[in-house]
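A.B. asks: generate coordinates for the sequence data below:
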Amino acid sequence: MLLAAPVSSAAEAQGPSIHTIQGDTRTSPYAGERVTGVTGVVTGVRTSGSRGFWLQETAPDDNPATSEGIYVFTSSVPKVAVGDAVRVDGNVVEYVPGGAASGNQSVTEIEKPTVTVVSSGDKVPAPVRITGDSVPAAYTPKGKADAGGSVNWLKLRPSTYATDYYESLEGMNVRIGTSRVVGATDPYAELWVTVKPEENPTRRGGTLYGAYAAQNAGRLQVQQLAPVAQQPFPVANVGDRLQGITEGPLDFNQYGGYTIAATTVGTVRDGGLKRETTRRQKDGELAVATYNVENLDPGDPQAKFDALAQGVVTHLSSPDIVSIEEVQDDNGATDDGTVSAEQTLRKFTDAIVAAGGPRYAWRGIDPENDKDGGEPGGNIRQVFLYNPQRVSFTDRAGGDASTATAVVERGGAPALSASPGRVDPANPAWDNSRKPLAGEFTFRGKPVFVVANHFNSKGGDQPLTAAQQPPARSSEEQRHAQAGAVNAFVKQLTALDRKARVVVLGDLNDFEFSGTAKLLTQGGVLRSGIAQLPAAERYTYVYQGNSQVLDQILLSRGIASFDYDSVHINAEFAEQNSDHDPQVVRFQP
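C.D. replies: Numbers count the residues shown, from 1 in each chain. Here you go, the predicted model:
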């Protein structure tokens, strides 16, 4: 409800201040209570999504832990403007973006408000400047053990922890100056910057996530309050600069944590980022690659097929073997029992030929309908593409969705009972997840075993800004079991021949420093390829401004030396053909 008429002196009675409502913890001491007479000046208005406005105190206190701003949720389009001085009566709530199951921290809000405009055209409180020096290097405190690991009731220490600092500014008008872009503009008109230019930089301008304790405190998401139709949002790649002033209320949302809801957005200075091209394999080298093609199906625009094909031919230099992940069935997300991906693969391999690449053959196994996770009805799976002019595939019948391939001895050497075949598909580790695809190849007379994977996603994990600290990573349990199953399979191959050439690759949905990676390499049967790169080049994906590893290639000890490349053609760019960067390894068997 909005009252525009002047109020009486009784109605003008001052209620609790905003900083008193916010308090010096993440949770308001007024949560669950109704307050009246809360006054301030409107600093930002949101007219879509979670509609409402930000209100800021004009008489701040001297406690750096208490925010002077608060969000007023109106549900309908607010009838206030920036610069209005208003009086609000309403209920104080702790709203959790995404719901309690998301694990997110809460936002202190006033709901079901009665809003009275006292005056218009008032001066908006000056923004707090967020700089690299003002944000602490330590990211977040550890939660209280007797509160389930929650940080909600800990006293904020804004000079000690970055998230405490941001929380002390929740709802307040803030400003950043020229900052490096560390997460490209996405389809939802948002990007990520860092206010700490020297914090774990990658070679190409991003910010590296190289350990669970290296969350990168300088990252902030930037959105704009004006609809894109009225004011285009800047398009930026990683390494560009967001120049000038970006200013607005500091929000906290489900998909990015602390976010500047910008009333003013800076301009982009092009950093000149180019898509990488790896070298072509030498005549005696076998090149093996992995590429997540992001839910590819025949209904996708031809332009997507062409761009992905260009990635394989130009940027990956036509590897001999390519494991592609997220290949959907022939009608994509239509859930009608279709599991074949022949049309998808024909369209993709045709596009590769049209781009000047080889006529790849393929091998794969159709999954059981709706048993492998991913987009419902899509039936994603891994598939081997291979260049028959350079490498041959050893076909052995018997592999299907539910039949496991076994390691057998043939002529004193290891072999697969079914090629292609699935690794241990009945193992509960693969429930509602993609089963590994194993294949036996021959290059210049030498056998090479390749295991293509797409491990369980990180869905359900708590975010870095979770209320529980450290955050729970519940999805790890299944990936750990998956890694153990693949490791056991590789051990069977190397038990028959310690010099067996085995390549394990794919979208592992986990970091090179993770427990998943440790379980894959357990016993020394596999070595991480990406871990051989300089630290500033170890990433395949960019999430919330963190450049990180999800895609990996690991190699057995039988491959004495190799050359590894993470080929950055997607993750750092606003225009993407997939959200993953492909990986390639070259070696002489």
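A.B. asks: count the neighbours of residue 474 for me.
C.D. replies: 13 (other CB atoms under 10 Å). In short, each C-beta sits where N, CA and C put it, glycine included.
A.B. asks: am I right that it is in contact with residue 461?
C.D. replies: Yes - counting by CB atoms under 8 Å, residue 474 touches residue 461, with 6.2 Å between them.
A.B. asks: overlap in contacts of those two?
C.D. replies: Common contacts of residue 474 and residue 461 (CB atoms under 8 Å, 6 or more residues apart in numbering): none found.
A.B. asks: tell me the secondary structure for residue 343?
C.D. replies: helix (DSSP: H, G, I helix; E, B strand; the rest coil).
A.B. asks: all strands of the stretch 201-350 of the chain, in order?
C.D. replies: Ranges of strands in the stretch 201-350 of the chain, per DSSP state E, counting those that start in this stretch, are 219-224, 241-243, 246-253, 257-262, 267-269, 286-296, 321-327.
A.B. asks: and those as JSON lines, adding distance to residue 193 and mean neighbour count?
C.D. replies: As requested, the strands of the stretch 201-350 of the chain are exported to JSON lines (distance: least, CB to CB, whole Å; neighbours: other CB atoms under 10 Å):
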{"stretch": "strand 219-224", "distance to residue 193": "6", "mean neighbour count": "24"}
{"stretch": "strand 241-243", "distance to residue 193": "5", "mean neighbour count": "19"}
{"stretch": "strand 246-253", "distance to residue 193": "8", "mean neighbour count": "24"}
{"stretch": "strand 257-262", "distance to residue 193": "9", "mean neighbour count": "23"}
{"stretch": "strand 267-269", "distance to residue 193": "11", "mean neighbour count": "15"}
{"stretch": "strand 286-296", "distance to residue 193": "25", "mean neighbour count": "26"}
{"stretch": "strand 321-327", "distance to residue 193": "29", "mean neighbour count": "27"}
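A.B. asks: what about the helices in this structure?
C.D. replies: Using DSSP state H, the helices of the chain run over residues 18-22, 162-167, 302-310, 342-354, 476-496, 515-520.
A.B. asks: residues making contact with the second one?
C.D. replies: Contacts of helix 162-167 with the rest of the structure, by CB under 8 Å, 6+ apart, involve 26, 65, 67, 105, 134-141, 151, 156-159, 217-218, 220, 250, 258, 465.
A.B. asks: now, which of the residues you listed lie within strands?
C.D. replies: Among the contacts of helix 162-167, the members falling in strands (DSSP state E) are 220, 250, 258.
A.B. asks: what about the stretch 451-589 of the chain, any weak spots by pLDDT?
C.D. replies: For the stretch 451-589 of the chain, no stretch is flagged by pLDDT under 70.
A.B. asks: still on that earlier bit, and the contacts of helix 162-167, which are buried?
C.D. replies: Neighbour-count burial (16 or more other CB atoms under 10 Å) is assigned, among these, to 26, 65, 67, 105, 135-136, 139-141, 151, 156-158, 217-218, 220, 250, 258, 465.
A.B. asks: what does the domain assignment say about the protein?
C.D. replies: Annotated domains of the chain cover 2-119, 128-269, 286-587 [automatic domain parsing].
A.B. asks: need these in CSV with distance to residue 279, can you?
C.D. replies: Output for these, formatted as CSV (distance: least, CB to CB, whole Å):
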stretch, distance to residue 279
domain 2-119, 43
domain 128-269, 17
domain 286-587, 6
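A.B. asks: please convert the helices of the chain to TSV, extending it with distance to residue 254.
C.D. replies: Formatted as TSV, the helices of the chain follow (distance: least, CB to CB, whole Å):
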stretch	distance to residue 254
helix 18-22	20
helix 162-167	16
helix 302-310	28
helix 342-354	32
helix 476-496	21
helix 515-520	26
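A.B. asks: dump those into JSON lines; add mean neighbour count and distance to residue 421 as well.
C.D. replies: Putting the helices of the chain into JSON lines (neighbours: other CB atoms under 10 Å; distance: least, CB to CB, whole Å) gives the following:
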{"stretch": "helix 18-22", "mean neighbour count": "23", "distance to residue 421": "59"}
{"stretch": "helix 162-167", "mean neighbour count": "24", "distance to residue 421": "47"}
{"stretch": "helix 302-310", "mean neighbour count": "18", "distance to residue 421": "26"}
{"stretch": "helix 342-354", "mean neighbour count": "18", "distance to residue 421": "18"}
{"stretch": "helix 476-496", "mean neighbour count": "20", "distance to residue 421": "11"}
{"stretch": "helix 515-520", "mean neighbour count": "20", "distance to residue 421": "19"}
